[in-house]
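Participant: build me a model:
(one chain, ligands or ions: 1)
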Amino acid sequence: MAAPRGRPLLGQAQGPAPTDDETTRGETLSPLPGGAPRGKIGLFRASSRFPDLSPRPPPRNRPEETPPLASTPPTPPSSDAQKLPLLQGADVLRKLEALRRRQEVRYYAFYSSQLGGVVTDPALMVLPFDDHLVHRGHGIFDTAAIVEGKIYDLDAHLDRFMRSAESSKLKADPPKEEMRRIIIQTAALSGAREGSIRYWLSSGPGSLELSPAKGAEAGFFVMIFPGLAYPESYYTQGMKVMTTTCPIKPPLYATTKSTNYLPNVLMQLEARERGLDNGVFVDPAGNVGEGSNMNVAFVKEGVFLHPKFDHILSGCTSKRLLELMPGAMRRGIVKDFQVRDIPLAEAKRSDEMMFIGSSINVAPIVEWDGQKIGTGRPGPAARALLEVLKEDMKGGKDRLIEIPY
Ligand SMILES: Cc1ncc(COP(=O)(O)O)c(C=O)c1O
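Facilitator: Down below sits the predicted model:
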């Protein structure tokens, strides 16, 4: 889905070349709060007249330079030193655009508190490299879904975002209510009626240290994109998983949705290298944890079983399904439900197993470590719980926010 054209956004790089006036002028374009001067959003377009902001390099081999100390490695011959191009602002923009042309991406809109507005050209969806989110992983994120032009369960996701901010010692800047407004407005500007919203909080730029730099401004970023794509066969034939060899994160890190997803990435790669769909973490006590970016649950003799949330991410989808369990019991989908430690051996004897999450919704797992789960085919409870969730995503009372396109 293409983002709407002609909107008062930042950085629609395809626009006509701006006049000198336009590149420098501040215009009142959008009521988006945060970041740059309030109510004023600078119109920033890709252009060959992009101002040259790059710092000048120190001069090389100038005769008046102090001679190098004896221990300093010899200066490479200037022909070698000249091999890397020294880029100016306009070159950088062209390179970023070329990068995006070489590798097609589908991102509808991006808000950055550092830019103080929204861009729709992926070449302009950038962060300063010295932001601590980039080089130290000092940042958090969360993801909510857009379904039929409405945002599903945003407040549950924002509450978890605030908890993650606190455990990461990140300042909630802008405050939660303003983040909520920015998210809704960015979704509106994207024009997307189906997709995902992912948003991040960073400790900001300013140094390559560990602790935030002096005067660092927290960064808040929002991306509207189509969402993660899972094959239809996950739902029709079921998924195959393995117990990962990657150690589960200790509870502090597992319950915080930080940008440190290395174990989660490695477990998915490990499974895919073995021709499987995903992995499952097991904790040091031998209890089931979660998947790479989803929770895992079981059904045994009609009872829905979910691991406790003290050592895994508190999944908004699982939490919502647990709220909907009494209704599922009335409909005869399950007889009961329990949230407790689930030992690996018990889990493997379950009748049904499923992944649950905002991106995957509810997907049946039919094989684990080469062993069939139940009949080895998608089970009725997983299918029915997917329906329960989908109904809630489309009509859930108090769970949907209308996007003001
Ligand atoms: C590690 C992990 N566990 C569980 C989940 C499921 O959470 P949610 O239902 O909020 O998407 C996610 C997804 O965000 C995740 O990354």
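Participant: all strands for the stretch 201-350 of the chain, in order.
Facilitator: Under the criterion DSSP state E, counting those that start in this stretch, the stretch 201-350 of the chain carries strands at the ranges 219-225, 239-243, 278-280, 295-300, 303-306, 336-339.
Participant: is the ligand contacted by the fourth one?
Facilitator: So that's strand 295-300. Yes - against the ligand, strand 295-300 shows contacts by Cβ under 6 Å from any ligand atom at Asn295. Quick note: C-beta positions are derived from backbone N, CA and C, even for glycine.
Participant: list the helices and strands that strand packs on?
Facilitator: Under the contact definition 3 or more Cβ pairs under 8 Å, 6 or more residues apart in numbering; DSSP states H and E, strand 295-300 sits against strand 303-306, helix 316-323, strand 352-357.
Participant: what is the neighbour count of the residue of the stretch 1-150 of the chain found nearest the ligand?
Facilitator: Going by Cβ to the nearest ligand atom, the ligand is nearest to Thr143 of the stretch 1-150 of the chain, at 5.8 Å. Other residues within reach of Thr143 by the criterion other Cβ atoms under 10 Å amount to 20.
Participant: so which strand or helix has it?
Facilitator: strand 139-147 (DSSP states H and E).
Participant: is the nearest residue to the residue of the stretch 1-150 of the chain closest to the ligand once chain neighbours are set aside in a helix, a strand, or coil?
Facilitator: What sits nearest to Thr143 in space, not counting adjacent residues and going by Cβ to Cβ, 6 or more residues apart in numbering, is Arg198, at 4.6 Å. Secondary structure, DSSP: H, G, I helix; E, B strand; the rest coil: Arg198 is strand.
Participant: Arg198 touches Leu228, doesn't it?
Facilitator: No - counting by Cβ atoms under 8 Å, Arg198 stays clear of Leu228, with 9.9 Å between them.
Participant: give me the more crowded residue out of these two.
Facilitator: The neighbour count for Arg198 versus Leu228, taken as other Cβ under 10 Å, is higher for Arg198 (20 against 13).
Participant: per-residue confidence for that one?
Facilitator: At Arg198, the model reports a pLDDT of 98.
Participant: tell me how far it lies from Arg320.
Facilitator: 19 Å (Cβ to Cβ, to the nearest Å).
Participant: if we can go back for a sec, identify the residues contacting the residue of the stretch 1-150 of the chain closest to the ligand.
Facilitator: 157, 196-199, 358-359 (Cβ atoms under 8 Å, 6 or more residues apart in numbering).
Participant: save those as JSON lines, and put in distance to Gly149 too.
Facilitator: Listed next are the contacts of Thr143 as JSON lines, based on distance: Cβ to Cβ, whole Å:
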{"residue": "His157", "distance to Gly149": "18"}
{"residue": "Ser196", "distance to Gly149": "14"}
{"residue": "Ile197", "distance to Gly149": "13"}
{"residue": "Arg198", "distance to Gly149": "18"}
{"residue": "Tyr199", "distance to Gly149": "19"}
{"residue": "Ser358", "distance to Gly149": "17"}
{"residue": "Ser359", "distance to Gly149": "19"}
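Participant: what's the farthest-apart pair in the residues you listed?
Facilitator: Maximum pairwise distance in those, criterion Cβ to Cβ, is 14.7 Å, between Tyr199 and Ser359.
Participant: apart from its neighbours in sequence, what residue is nearest Lys390?
Facilitator: Counting by Cβ to Cβ, 6+ apart, Asn361 is the residue found nearest to Lys390 once chain neighbours are left out, at 7.1 Å.
Participant: that neighbour against Leu389, yeah?
Facilitator: Yes - Asn361 is within contact range of Leu389, at 5.6 Å (criterion: Cβ under 8 Å).
Participant: which neighbours do those two share?
Facilitator: Thr317.
Participant: what is the burial count for Arg163?
Facilitator: 15.
Participant: same thing with Ser292?
Facilitator: Residues lying near Ser292 (other Cβ under 10 Å) number 24.
Participant: again, but for Lys397
Facilitator: 6.
Participant: thinking again about what came up before, so can I have JSON lines of the strands of the stretch 201-350 of the chain showing mean pLDDT?
Facilitator: Output for these, formatted as JSON lines (pLDDT from 0 to 100):
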{"stretch": "strand 219-225", "mean pLDDT": "98"}
{"stretch": "strand 239-243", "mean pLDDT": "98"}
{"stretch": "strand 278-280", "mean pLDDT": "98"}
{"stretch": "strand 295-300", "mean pLDDT": "99"}
{"stretch": "strand 303-306", "mean pLDDT": "98"}
{"stretch": "strand 336-339", "mean pLDDT": "98"}
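Participant: can you redo those strands as JSON lines with distance to Asp173?
Facilitator: JSON lines is the format used below for the strands of the stretch 201-350 of the chain (distance: least, Cβ to Cβ, whole Å):
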{"stretch": "strand 219-225", "distance to Asp173": "7"}
{"stretch": "strand 239-243", "distance to Asp173": "39"}
{"stretch": "strand 278-280", "distance to Asp173": "35"}
{"stretch": "strand 295-300", "distance to Asp173": "30"}
{"stretch": "strand 303-306", "distance to Asp173": "34"}
{"stretch": "strand 336-339", "distance to Asp173": "34"}
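Participant: same list (these) but as TSV, adding mean neighbour count.
Facilitator: Shown next, in TSV, are those (neighbours: other Cβ atoms under 10 Å):
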stretch	mean neighbour count
strand 219-225	23
strand 239-243	21
strand 278-280	25
strand 295-300	25
strand 303-306	21
strand 336-339	14
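Participant: perfect, I'm done here.
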